Structures are given as C-alpha cells and as structure tokens.
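> here is my input, please return the structure:
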Amino acid sequence: MRERPFVPAKPAARRATVVVDVVVLSPRDDAMTVLLTPSPPGARERWSLPWDGPRDRETIDATGVRLARALLGGPPAFVEQVGTLSDGRHPAGAELSIGVVALSPFDSAAPVPGSAAAWFPLGALPPLATRQRAVVDRAALAVRQRMDQAPIAFHLLPPAFTLGELQEIYELLLGRRLHKASFRRALQGSHLVQPTDVWRSEGRGRPAQLFRFAPKKRRGMHRGVRFDFP
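Residues are numbered from 1 along each chain as shown. Next up is the predicted model:
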C-alpha cells in the first residue's frame, strides 16, 4: 500500500492587527523629550505615543513620517525603524507594534495648534501602556547605538551650530556629561564637522565660531567618535 505524501495542515486564517508607534525625540529645556498625545477614550493611561496602521501601499517609514508630520506641522529630520514588538498591552489592542523613532530639531519642534500633544522629558515620562513604554526604551537605545555610525546628533541641530551646542546634544542623547576637551579632540579626529566664517556672540564671553556637518568627501574614512566620561 502506497503511503500518501505528507501535506502540512493549513494554518487557521487570522489577520494580525499591526500598528506603527512613533517615538518623536527633540531637545527642549535642557532635556531630551518625547512627544505624546492624549490616549483614546477607555485607555488606562492618560497619554500614549502617536500610532496608526499603515495605509494602502504605505511603507512603515512613510507611516512614521505621516504621524510625526501631523503633530509637528512638518516632516521630521530623521526616521528609522527600531523593531517589532508583540508583548504587553497596547492602547489600540494591536497584536503587533512596529516602533519608529523620529528626530525633530528644537527650532521646529512645536506641536501644531489644537493637537493637544505635549512634550515630556525622556527620563520622566508619564505612565504608558507596557508595550509603548518598551517601544520608547527601544528607540532611545537604538539612537544611542547608532550615534557612531550615523549623524544622529546633527539631525537635532540647525545647519550651523557651536561646538558647545553639539556637545549638549550628544550629552542629552547619551544621558551623561562629556569631558569638553576630550569631546573636541574626538570631533577633530572624526572629521565630522568643519568651521564656517560666522561667529556668534554668547553673553559676556568671547564669540563662538559656528560649525556645520562636514560633507562626506571631506570626512574621508570615518573613524567614529570615542568619548571620555568625567
């Protein structure tokens, strides 16, 4: 008697609910902040991350840009996916969350009027649904890990900036202070910045020279930035 060929059973039809959770980061009031929106009616927590499902033929990154743009009034300076999560509770009851981090410089980081969105310090967020809290943690970690491979800090600054402003952004992203002299030596070795002919007066001290992000052809072989912590 011939054996019948093995045919795997078809999985039960089930459509997962997928949403994109966006962590918009921006430096404000000497802190790295996260943009939150009021939670939908019936949610346990008062605040939540901006979220929505991808629209027809919309990529994940495009969904993140759309959500950030709706709250900021303009596109974010940088968007990147930080992972997919399924554990924990979500305000929408979604089965899967795709985390996206978006960066917005201070000079353009103002929620659109009437949105009811608000900025909260990354280190002092209000209670969030467990999965969204995990998305925030994943986004913060991803940004810190990517700082040596991508110009993350420069997306949070205007085109021209002082070295003091750049160091402040690095400190906010890393969550700790950096030694000034060591930081500047590291910048010099990495060739990430180049000086401009513009100087800015800052109080009683001597004017500070403005710098800008160096073009790739000038940077050559990127050595990365290594820091000495005080």
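> name the helices or strands packed onto the top helix by length along the chain?
With residue count as the measure and DSSP state H as the assignment, the chain has helix 130-146 as its longest helix. Contacts of helix 130-146 with other secondary structure elements, assessed using 3 or more CB pairs under 8 Å, 6 or more residues apart in numbering; DSSP states H and E, are made with strand 18-28, strand 78-85, strand 96-103, helix 163-174. The way it works is simple: take the backbone N, C-alpha and C, and place the C-beta from them, glycine included.
> between the ones you listed, which gets nearest to residue 50?
strand 18-28 (4.7 Å; CB to CB).
> just checking: what are the partner strands of the helix or strand following the closest one?
Per DSSP states H and E, strand 18-28 leads on to strand 31-38 as the next helix or strand towards the C-terminus. Here strand 31-38 has these sheet partners by DSSP bridges: strand 18-28 (antiparallel), strand 47-48 (antiparallel), strand 118-121 (antiparallel).
> okay, residue 114 and residue 73: tell me how far apart.
As defined by CB to CB, to the nearest Å, residue 114 lies at a distance of 11 Å from residue 73.
> the helices and strands packed on helix 130-146 into a markdown table, with extra columns for mean pLDDT, distance to residue 156 and mean neighbour count?
Output for the helices and strands packed on helix 130-146, formatted as a markdown table (pLDDT from 0 to 100; distance: least, CB to CB, whole Å; neighbours: other CB atoms under 10 Å):
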| stretch | mean pLDDT | distance to residue 156 | mean neighbour count |
| --- | --- | --- | --- |
| strand 18-28 | 95 | 6 | 24 |
| strand 78-85 | 96 | 8 | 18 |
| strand 96-103 | 96 | 6 | 24 |
| helix 163-174 | 92 | 5 | 19 |
